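*Asks:* Got a predicted structure here, sequence first:
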2 protein chains.
Amino acid sequence: MSDTDEEVITEAHGAGGGQMRELIEELAVSRFEDGAADVPLAALDDGSVQRLANGGGSLVVTTDSHVVKPQFFRGGDIGRLAVSGTVNDLAMMGATEPIALTCSLIVEAGTPVETVERVMESMGETSEEAGAPITTGDTKVMGSGDIDTIAINTTGVGVVPQGSHVPDAGLSTGDKLIVTGTIGDHGISLLSEREGFDFEGDLESDVAPVNDLVATAMDAGEVTAMKDPTRGGLATSLNEMASKAEVGIEIDETAIPISGAVASAGEVLGIEPLNVANEGKVVMGVESDDADAVLAAIQAHPQGEDAAIVGEVVADHAGRVILDTGFGNRYLSEPEGEQLPRIC
Amino acid sequence: MSDTDEEVITEAHGAGGGQMRELIEELAVSRFEDGAADVPLAALDDGSVQRLANGGGSLVVTTDSHVVKPQFFRGGDIGRLAVSGTVNDLAMMGATEPIALTCSLIVEAGTPVETVERVMESMGETSEEAGAPITTGDTKVMGSGDIDTIAINTTGVGVVPQGSHVPDAGLSTGDKLIVTGTIGDHGISLLSEREGFDFEGDLESDVAPVNDLVATAMDAGEVTAMKDPTRGGLATSLNEMASKAEVGIEIDETAIPISGAVASAGEVLGIEPLNVANEGKVVMGVESDDADAVLAAIQAHPQGEDAAIVGEVVADHAGRVILDTGFGNRYLSEPEGEQLPRIC
Ligand SMILES: Nc1ncnc2c1ncn2[C@@H]1O[C@H](COP(=O)(O)OP(=O)(O)OP(=O)(O)O)[C@@H](O)[C@H]1O
Ligand SMILES: Nc1ncnc2c1ncn2[C@@H]1O[C@H](COP(=O)(O)OP(=O)(O)OP(=O)(O)O)[C@@H](O)[C@H]1O
Ligand SMILES: [Mg+2]
Ligand SMILES: [Mg+2]
Ligand SMILES: [Mg+2]
Ligand SMILES: [Mg+2]
Ligand SMILES: [Mg+2]
Ligand SMILES: [Mg+2]
């Protein structure tokens, strides 16, 4: 990105893949000093982790803005998405008991008050479901045409005992990889809804707060790394985890839980479920000896019945993800460009 | 707001006056549970304050989204505004040493990368100036036409010793009111720039982080209440402080520092400087015995040379602000509707 004078922001910069990461590294990481942190901005993790004074534990902070279309979709809405997304990014750092969430709205003039009310109602319900109080917010109105309906930023704050946070980069050889449920539901459902396909009503977003599920898993064994596979999907999250830890990941493709409806809709749409956003799922590394116990605990949780061990960490192929397709092995690469449909 | 079915969001809902507050009370306060807090959402203060476990002090959180036009203006830009606004809201709660700031961008596809770079550069510089590290962020891209260029959310987190936060509602009879400098600069400068008026280059925004100035004031004496008079201006902040503490405030209009350029531009534009946003100023209540010491400390600070004692808290006229104009007294009411020009 040398000749920035001539470059413009494209939708690919917001799609969650390599182009987005390059932009963030160029624009943010190089410019923002973030002092001493256990997980600094430069780690590009789900949030930051910093030690508090006086042994008060470590502060976890994460933020996301949400601009999804349509704003009310099968299985949820932008309000549920905004709260879940931030609760989940906190949980990915090990902070499963959020202390405070913010609610910052940008609303287009002319939007029915009732639309905003429905969104706030949903935020309130999801915040209660997650045990994550919304303590402060902001409301800005933009001129009609200056913003499409409504954008919501939610920032989350948690505190964890010092050293107990879970980084993206925590995998080591031998760890098992667990996914907590079916993959691709949010992305495939939204994209088919946008195309006007119904697929017999079998598709819906998985949007939900997963902090309780994550706490259950962490209680059952040693979780070494976690990500919520949102923009860029499971394929992107696995590649990030492999490259941050400089390990290889071997995935058994046939073990990845994907619902029949998602698989067939994905084929019709020409979209790979591994490349689209999930909003209520986790991919985690677990110490090998604990993997069965953690899996059992997750499966016993109402949100985890479809959980599965999908692979393991290996010493070679550092930074790469190898997919055993059942017919042979191939690299599962990070999706780019056309492979990354824009959802949010 | 009973017949919400038929109502739509208007620009007045974002202007910082009574209509905005009603909307927030109806939509947010009634729906969001915020657990036990020293300063809960319902206080509608500059941020929230909650006790941390194990005597780790109190957590202060605040958030603002920024959508100003133009994005580069005399005296600053949207990046400086976003960092200063959040640092200042933390400072208003007594948290003058921010631990973490977030940077969440929503960018319109087609925006030159260079524009985003300039904004991020400014955010980085202002964050360094304020000693407020940006530790995490988010980047979303909206389709061309779905957002006007760029919106930035910044959320700030601080920790203060338990009980040492400064609420809006802290005034009591006898307290003096101090403003830390000239009033109306940001709003009048932006509005005249938008109208194409130059006023001989004497106008510019006051946008700046004031956390160091606030720390200086708090070190010098007992500060009982604070607000940064942003949207709605000084008139709104004074009315909020009076009504939250259920006290009267008497202001000597002639003591309010207003620059000559702002006063004349305000007349030409037909806009009252007391009703427009400041982005680098504070209005604070100070215990009577400490007022001179606090004023002297503020005036000795590079950002405080124009500071002045502008009034005091009285027992009668509870919830009202009385303006001594030099020719008699009148109530300074909270601006509404037409009186509230839209800046952000
Ligand atoms: N504008 C920005 N300023 C600073 N850091 C940023 C910015 N945008 C993104 N980041 C950082 O980049 C990393 C990746 O961000 P990303 O938004 O992809 O993570 P995520 O929230 O887990 O995913 P998603 O937004 O899809 O839910 C994070 O560490 C985030 O803090
Ligand atoms: N959408 C929202 N959800 C929850 N609380 C909100 C929302 N919008 C505003 N609030 C609350 O209303 C109060 C007033 O907000 P406001 O934005 O006016 O404060 P401010 O940030 O100090 O001012 P400004 O935004 O002009 O800088 C705050 O306590 C804020 O937490
Ligand atoms: Mg994440
Ligand atoms: Mg996220
Ligand atoms: Mg605000
Ligand atoms: Mg404020
Ligand atoms: Mg503010
Ligand atoms: Mg994000």
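*Replies:* Happy to help now that I have it. Residues are numbered from 1 along each chain as shown, chains lettered A, B, ... in the order given. Ligands and ions are numbered 1, 2, ... in the order given.
*Asks:* Count the neighbours of the closest residue to ligand 3 within the stretch 201-344 of chain A for me.
*Replies:* Residue of the stretch 201-344 of chain A nearest ligand 3, by Cβ to the ion: residue A:228 (4.4 Å). All C-beta spots, glycine's among them, are computed from the backbone N, C-alpha and C. For residue A:228, the neighbour count with other Cβ atoms under 10 Å in any protein chain shown is 24.
*Asks:* do residue A:325 as well
*Replies:* Residue A:325: 12 neighbours (other Cβ under 10 Å).
*Asks:* try residue A:218
*Replies:* 20.
*Asks:* Look up how far residue A:54 lies from it.
*Replies:* The gap separating residue A:218 from residue A:54 is 25 Å, by Cβ to Cβ, to the nearest Å.
*Asks:* Is residue A:340 in contact with residue A:274, as I believe?
*Replies:* No - checked against Cβ atoms under 8 Å, the pair residue A:340 and residue A:274 is beyond contact range at 11.4 Å.
*Asks:* More neighbours: the two, which one.
*Replies:* residue A:340 (29 against 25).
*Asks:* which non-adjacent residue is nearest that one?
*Replies:* residue A:15 (4.1 Å; Cβ to Cβ, 6 or more residues apart in numbering or on different chains).
*Asks:* now the helices for chain A?
*Replies:* Counting by DSSP state H, chain A has helices at residues A:18-24, A:78-92, A:113-130, A:185-195, A:211-220, A:233-245, A:260-269, A:291-299.
*Asks:* The fifth one and ligand 3 in contact?
*Replies:* No - interface with ligand 3: helix A:211-220 contributes nothing (Cβ under 5 Å from the ion), its closest point being 12.2 Å away.
*Asks:* tell me the angle of that helix relative to helix A:291-299?
*Replies:* 150 degrees (axes from the mean of the first three to the mean of the last three Cα atoms, to 10 degrees).
*Asks:* the inter-axis angle of helix A:211-220 versus helix A:113-130?
*Replies:* 20 degrees.
*Asks:* What residue in the stretch 51-200 of chain A comes nearest to ligand 7?
*Replies:* Closest point on the stretch 51-200 of chain A to ligand 7, by Cβ to the ion, is residue A:138, at 6.9 Å.
*Asks:* Is the closest residue to that residue other than its chain neighbours bridged to anything, and to what?
*Replies:* Nearest residue to residue A:138, sequence neighbours excluded (Cβ to Cβ, 6+ apart): residue A:104, at 4.3 Å. With DSSP bridges applied, residue A:104 shows beta-bridge pairing to residue A:138, residue A:153.
*Asks:* Number of residues surrounding residue A:104?
*Replies:* Considering only other Cβ under 10 Å, residue A:104 is surrounded by 26 other residues.
*Asks:* do the one 10 residues further on as well
*Replies:* By the other Cβ under 10 Å criterion, the neighbourhood of residue A:114 contains 14 residues.
*Asks:* And it, how far from residue B:9?
*Replies:* 10 Å.
*Asks:* again, but for residue A:143
*Replies:* From residue A:143 to residue B:9 the distance is 11 Å (Cβ to Cβ).
*Asks:* Look at those two and report which has more neighbours.
*Replies:* residue B:9 (24 against 15).
*Asks:* just checking, the more buried one touches residue A:108?
*Replies:* Yes - using Cβ under 8 Å, residue B:9 is in contact with residue A:108, at 7.3 Å.
*Asks:* shared neighbours, those two?
*Replies:* Here residue B:9 and residue A:108 have residue A:141 as joint contacts, going by Cβ atoms under 8 Å, 6 or more residues apart in numbering or on different chains.
*Asks:* According to the record, where do the domains of chain A fall?
*Replies:* A:46-160, A:176-331 (automatic domain parsing).
*Asks:* Please identify the most buried of those domains.
*Replies:* Of all the domains of chain A, domain A:46-160 carries the top mean neighbour count, a mean of 24, counting by mean count of other Cβ atoms under 10 Å in any protein chain shown.
*Asks:* Let me see the mean pLDDT of that one.
*Replies:* Averaging pLDDT along domain A:46-160 yields 96.
*Asks:* can you give me the strands for chain A?
*Replies:* A:48-51, A:58-66, A:72-73, A:76-77, A:100-108, A:134-142, A:150-160, A:176-179, A:223-227, A:248-252, A:283-286, A:308-314, A:321-324, A:329-331 (DSSP state E).
*Asks:* Distance of residue A:11 relative to residue A:182?
*Replies:* 27 Å.
*Asks:* ok, now residue A:329?
*Replies:* 24 Å.
*Asks:* With residue A:54 instead?
*Replies:* 44 Å.
*Asks:* Over to residue A:131?
*Replies:* 25 Å.
*Asks:* What of residue A:92?
*Replies:* For residue A:92 relative to residue A:182 (Cβ to Cβ), the value is 19 Å.
*Asks:* Kindly report the same for residue A:168.
*Replies:* With Cβ to Cβ as the criterion, residue A:168 and residue A:182 are 22 Å apart.
*Asks:* Surely residue A:97 touches residue A:131?
*Replies:* Yes - here residue A:97 reaches residue A:131: they are 6.8 Å apart, a contact under Cβ under 8 Å.
*Asks:* The stretch 1-150 of chain A against ligand 5: which residues are in contact?
*Replies:* residue A:138.
*Asks:* which bits of the stretch 1-150 of chain A sit near ligand 8?
*Replies:* So the stretch 1-150 of chain A meets ligand 8 at residue A:64 (Cβ under 5 Å from the ion).
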